[in-house]
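Asks: dropping the sequence and predicted coords here.
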Amino acid sequence: MLTVEIKRSLPDFKLDAAFSVDGEVLGILGPSGSGKTMTLLCIAGLLQPDYGLIKLNDRVLFDSSGKVNLPPKARNIGFVFQNYALFPHLTAGNNIAYGIRHQSRDEVNHRVQVLIKNMELDGLQNRYPQQLSAGQQQRVAVARALAPEPEILLLDEPFSALDSLTKEQLEMQILELRQFYKGHIILVTHDLVEAYRLSSRIAVYDAGKIIQCDRKDKLLSSPVNQKVARMTRFKNFMDGVITSINDKQVGVNVPELGANLQVAANGHKNLTINQSITIGVRSEHVQAVAAAGQNILRGTLNSAIENLASINCYFDLKTNTNTNYCLEAAFPKSIAPTPADGTNFYLYLPPEQIVIITDSK
Amino acid sequence: MNEYLTPLWISLKTVLVATIITFVLGIAAARWMSRFTGKLKPIIDGAFILPLVLPPTVVGFGLLLLMGKHGWVGKFLALFNTTVVFSWPATVITATVMAFPLMYMTTRGAFEQVDTNIEDAARTLGASEWRVLYSVTLPLAWPGVAAGTILSFARSLGEFGATLMLAGNIPGKTTTIPVAIYFAIQDGDMKQAVYLMIIVLCIALASLAALAYLKKPKPRDRRVIPNPVPSDILQISKKKDNPA
């Protein structure tokens, strides 16, 4: 298990992160400049945190109170850099062999061959990095990082420089990597889809802090605040007040729209009547229905954008103020509204798909 | 004839030893300064480059003060009953001091061009700082390091002013080529002066040619396979990369 509790201050930035990884893939998700890469560098020993503790499988790597700070070479951590950082003057095979030490030539060759086979690099071992495609370079970088049998593998935005087709193949390869690499993995990314596909838990970073760290399904179903909700692609937010609470559903009045919505309580325990909350709905959960009723709002179709598999429609809702409220809905192409349907629609927000966000941030 | 060539042997011996010392010291200083982040950085950096901009006579005078009878180094050496002033080692010392800034500046520039991620990658793979230096930094910075070495070599060979002040002109002992040319002309011995001039011209031209060779641009298309792999293996790997 890797336990991390670190603080590091720069003049205009503060990193304050605490999390643990145990035999799984942890995704670190956040916008650029939120401290994701800095966290990895601290774990690898390439940057020194100001305070904190880093423990890997009962070995203390860094402890500001006990004055422990192992150098990178003693940490046994595999690091895959964003730009791969392959040794340009060494062949792919020698790149992979670089970290294998204290072994006979035969043992090193054997280990390199096993990694070349596992990472599907057959036939490329005598090529230099600049003679390899970006995808091949990335596989060499992963093989090189795995060669010394590290206890944890750190991947820093490993797919950011690749085209989408190569990216998908390499994502598969990282998933398959679990078959022969049993250590912990941390994957840093700014792409929710990538984090969701590859990891089991996701830590969401914002300005140097972890704002939520949860199982990936929980992260999507109950974001702790609007920032997480926006990062996990909630598109529609409404401010409201709780008017009724029963064991499964909560009544919420949205003053701006003059609407009373029923919302699934979904595990929230400490709600009170008259509490101000925000509710969020994903665009794909909005449904177009035939007639008015509970949780159904009237909207005028403003514009539509066609995506690969869906059509995003933007509806103007009637508000009590002069402001405009735009509701985004994503319909599958087969049931998307057409010009023949007119411009006025009844839009249904299913109670079980509405999330309650109590943290106003 | 043999007498004519004595300054050449002295110069070659001096330049060889001075270049080796400059090579090691220059790399050590460049390595240290390319990672150094303290407040004194500009001052230390300036001190290393100083001999390049000072008049050689000033450097020679400074060394003379330092190594003379009343200087720190001179007093220290006196304990062992030796002195460097007006001896062959003095030619090596002045040549090293005057060539050092060129080696230091060129090497430091080359080190700073090396992607720190690549060096960090070596560290995470268990490499010691020493191994990082000789297996990653030096090979990647090699063109710059070699250029610095050649420039230092040429600068040591041409060293005159400081050498004359610290080592003097003792024929057969401290008289290097530039010093010999100067005194040959003063004595009206044009033959020796021309001989030595031609030798210096040839060596200088050869080192500059070597430098130009180092800087020759690499072929643009680097995706050339030096050890062609069997075509059937290539086919398989191609398929895996582009299933479309």
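Replies: It's in. Residues are numbered from 1 along each chain as shown, chains lettered A, B, ... in the order given.

Asks: in contact with A:Asp359, which residues?
Replies: The contact partners of A:Asp359, by Cβ atoms under 8 Å, 6 or more residues apart in numbering or on different chains, come to A:Val224, A:Asn225, A:Gln226. For the C-beta atoms, the positions are set from N, CA and C on the backbone; glycine is no exception.

Asks: neighbours around the last one, how many?
Replies: Right, the one you point to is A:Gln226. 16 (other Cβ atoms under 10 Å in any protein chain shown).

Asks: for it, grab phi and psi.
Replies: phi -60, psi -30 (degrees, to the nearest 10).

Asks: doesn't A:Phe237 make contact with it?
Replies: Yes: applying Cβ atoms under 8 Å, one finds A:Gln226 in contact with A:Phe237, separated by 6.3 Å.

Asks: who touches both of those two?
Replies: With Cβ under 8 Å, 6+ apart, A:Gln226 and A:Phe237 have common neighbours A:Thr278, A:Gly280, A:Ile357.

Asks: sketch out the low-pLDDT regions of chain A for me.
Replies: Counting by pLDDT under 70, chain A contains low-confidence ranges at A:360-361.

Asks: tell me the domain ranges of it?
Replies: With domains defined by automatic domain parsing, chain A comprises A:2-223, A:234-357.

Asks: what helix or strand is the nearest residue to B:Leu125 once chain neighbours are set aside on?
Replies: Once flanking residues are discounted, B:Leu125 sits nearest to A:Gly99: 3.2 Å by Cβ to Cβ, 6 or more residues apart in numbering or on different chains. Secondary structure from DSSP states H and E places A:Gly99 outside every helix and strand.

Asks: related to what we said a few turns ago, of the shared contacts of A:Gln226 and A:Phe237, which belong to helices?
Replies: In helices, judged by DSSP state H, none of the shared contacts of A:Gln226 and A:Phe237 are found.

Asks: now the residue of the stretch 151-300 of chain A found nearest chain B: which helix or strand?
Replies: Closest residue of the stretch 151-300 of chain A to chain B, Cβ to the nearest Cβ: A:Leu165 (7.0 Å). Secondary structure from DSSP H and E places A:Leu165 in helix A:164-177.

Asks: send the alpha carbons of that helix over as PDB?
Replies: Extracted in PDB, the C-alpha atoms of helix A:164-177 (Å, rounded to 0.1, in the frame of the first residue of the first chain):
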ATOM      1  CA  SER A 164      -7.200   8.800 -30.500                       C
ATOM      2  CA  LEU A 165      -6.800   5.400 -32.300                       C
ATOM      3  CA  THR A 166      -3.300   4.800 -30.800                       C
ATOM      4  CA  LYS A 167      -4.600   6.000 -27.500                       C
ATOM      5  CA  GLU A 168      -7.400   3.400 -27.400                       C
ATOM      6  CA  GLN A 169      -4.900   0.600 -28.200                       C
ATOM      7  CA  LEU A 170      -2.600   1.700 -25.500                       C
ATOM      8  CA  GLU A 171      -5.400   2.000 -23.000                       C
ATOM      9  CA  MET A 172      -6.100  -1.700 -23.700                       C
ATOM     10  CA  GLN A 173      -2.500  -2.400 -23.100                       C
ATOM     11  CA  ILE A 174      -2.500  -0.700 -19.800                       C
ATOM     12  CA  LEU A 175      -5.500  -2.700 -18.800                       C
ATOM     13  CA  GLU A 176      -3.800  -5.900 -19.900                       C
ATOM     14  CA  LEU A 177      -0.700  -4.900 -17.900                       C
END
